[in-house]
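**Q** only geometry, no sequence info:
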């Protein structure tokens, strides 16, 4: 089975293994859209998925990752990406942050991704005609902002939705990155709880613990070690950042707040608050939004905690 080297996301593993089996027979895969917050493993899973899609010679297909924001036009995509790297080649292409694709390319994709029962589509631009053969090349998509994706394009894609990692999964990820050290159960619990349900944050936390152990010649990590490190680095309960902590304190003091008021008090734009901070606070159940922002009981409890 694929993905045995990756921790968690059990449902996604099952779904992608099914599509790998389908590809062995049909040589096709759906146009998959990997959806989830940053650090949940979308690119890692897309890359591992691609490793199991074989070309006509039985070798794994080349994996190409494209930052969608770098594509400015259909012409650029065709001339700089499609012709030299995709056309007539057996490759897998990941359009990362696909919500940032330019409108002109989205309309082109709406044409070629509408394959129905056919795996080959032709696209004409001026005097040139381009063939998209989806038995040779496969298009994958990934986004942190699925709501911002053009609905007709979103409807053509098969969703692969990532969720936050469980505390047990985060513990396993953390331990897999550190050899030669021992940990108390309490210390690992503290580390997992500050990883924001996020594999990338958990790996970063593991690196910070390793640096601490090397700097202070520590081999056994207990609650005291973790508390010292968290205080040195300013790591807050539940992995909250300073802006999120500030938002919770504003709501505790004021009882409620509008988005405009939070923007004024934090000095951030409304979009930054919504995109970078409120999403995590909502997922953790620390705030509610019903027009106004309000602190929940869980949110009130978390800002009373300190690492001591």
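**A** Nice, thanks for sending it over. Only a predicted model underlies this, so the values are computations on that prediction, with no experimental measurement involved.
**Q** CA only for contacts and neighbour counts going forward, please
**A** Noted.
**Q** which parts of the lowest-mean-pLDDT helix or strand in the chain are buried?
**A** Sorted by mean pLDDT, DSSP states H and E, the helices and strands of the chain end with strand 120-125, the least confident at a mean of 82. Neighbour-count burial for strand 120-125 flags residue 120 (criterion: 16 or more other CA atoms under 10 Å).
**Q** Contacts for it, please.
**A** When contacts are defined by CA atoms under 8 Å, 6 or more residues apart in numbering, strand 120-125 is touched by residues 108, 111, 112, 113, 115, 129, 130, 131, 132, 133, 134, 135.
**Q** Dihedrals phi and psi, residue 101?
**A** Main-chain torsions, residue 101, degrees, to the nearest 10: phi -60, psi 140.
**Q** so what's residue 167 closest to, chain neighbours aside?
**A** residue 192 (5.8 Å; CA to CA, 6 or more residues apart in numbering).
**Q** right, and that neighbour touches residue 175 too?
**A** No: here residue 192 does not reach residue 175: they are 10.3 Å apart, not a contact under CA atoms under 8 Å.
**Q** Let me see the contact set for residue 166.
**A** 8, 197.
**Q** Run a quick neighbour tally on residue 228.
**A** 14 (other CA atoms under 10 Å).
**Q** Then it would be within a strand, right?
**A** No: judged by DSSP: H, G, I helix; E, B strand; the rest coil, residue 228 forms no part of a strand; its state is helix.
**Q** Just the pLDDT at the spatially most distant residue from the centre of the chain, thanks.
**A** Largest separation from the mean C-alpha position in the chain: residue 127, at 39.4 Å (CA atoms, centre = their mean). Listed pLDDT for residue 127 reads 79.
**Q** Just want the phi and psi numbers for it.
**A** phi -90, psi 0.
**Q** Just give the nearest non-adjacent residue to residue 255, would you?
**A** In space, residue 255 is closest to residue 294, 6.5 Å off (CA to CA, 6+ apart).
**Q** how close does residue 82 get to residue 287?
**A** 45 Å (CA to CA, to the nearest Å).
**Q** what's the answer for residue 11, then?
**A** Residue 11 is 28 Å from residue 287, by CA to CA.
**Q** Neighbour count: these two, which is higher?
**A** Legend: neighbour count by other CA under 10 Å for residue 11 and residue 287, higher for residue 287 (24 against 13).
**Q** so what's the residue lying closest to that one once chain neighbours are set aside up against?
**A** Excluding the flanking residues, the one nearest residue 287 by CA to CA, 6+ apart is residue 295, at 4.6 Å. Applying CA under 8 Å, 6+ apart to residue 295 gives the contacts 248, 251, 252, 255, 256, 286, 287, 288.
**Q** Neighbour-wise, give me the winner out of those residues.
**A** residue 248 (26 neighbours).
**Q** which stretch of helix or strand covers that one?
**A** Per DSSP states H and E: residue 248 is located in helix 242-254.
**Q** Now do the same for the closest residue to residue 113 other than its chain neighbours: its pLDDT.
**A** Distances taken as CA to CA, 6+ apart put residue 156 closest to residue 113, at 7.1 Å, once the chain neighbours are dropped. In this model, residue 156 is scored at 92, pLDDT.
**Q** before we move on, the earlier item: may I see the contacts of strand 120-125 organised as JSON lines, with distance to residue 281 added?
**A** Listed next are the contacts of strand 120-125 as JSON lines, based on distance: CA to CA, whole Å:
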{"residue": "108", "distance to residue 281": "37"}
{"residue": "111", "distance to residue 281": "39"}
{"residue": "112", "distance to residue 281": "39"}
{"residue": "113", "distance to residue 281": "36"}
{"residue": "115", "distance to residue 281": "40"}
{"residue": "129", "distance to residue 281": "49"}
{"residue": "130", "distance to residue 281": "46"}
{"residue": "131", "distance to residue 281": "46"}
{"residue": "132", "distance to residue 281": "42"}
{"residue": "133", "distance to residue 281": "43"}
{"residue": "134", "distance to residue 281": "40"}
{"residue": "135", "distance to residue 281": "42"}
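**Q** Out of these, list just those in helices.
**A** If you go by DSSP state H, the contacts of strand 120-125 have 108, 111, 112 in helices.
**Q** What is the neighbour count of the second one?
**A** Think residue 111. Neighbour count of residue 111, defined by other CA under 10 Å: 14.
**Q** Next up, the contacts around it.
**A** Residue 111 neighbours (CA under 8 Å, 6+ apart): residue 123.
**Q** that older thread, more crowded one of residue 192 and residue 175?
**A** residue 192 (29 against 17).
**Q** Quickly list what residue 161 is bridged to.
**A** residue 35 (DSSP bridges).
**Q** does it really touch residue 40, like I thought?
**A** No: when contacts are counted by CA under 8 Å, residue 161 is not listed as touching residue 40 (10.0 Å).
**Q** between these two, which one's more packed in?
**A** residue 40 (22 against 15).
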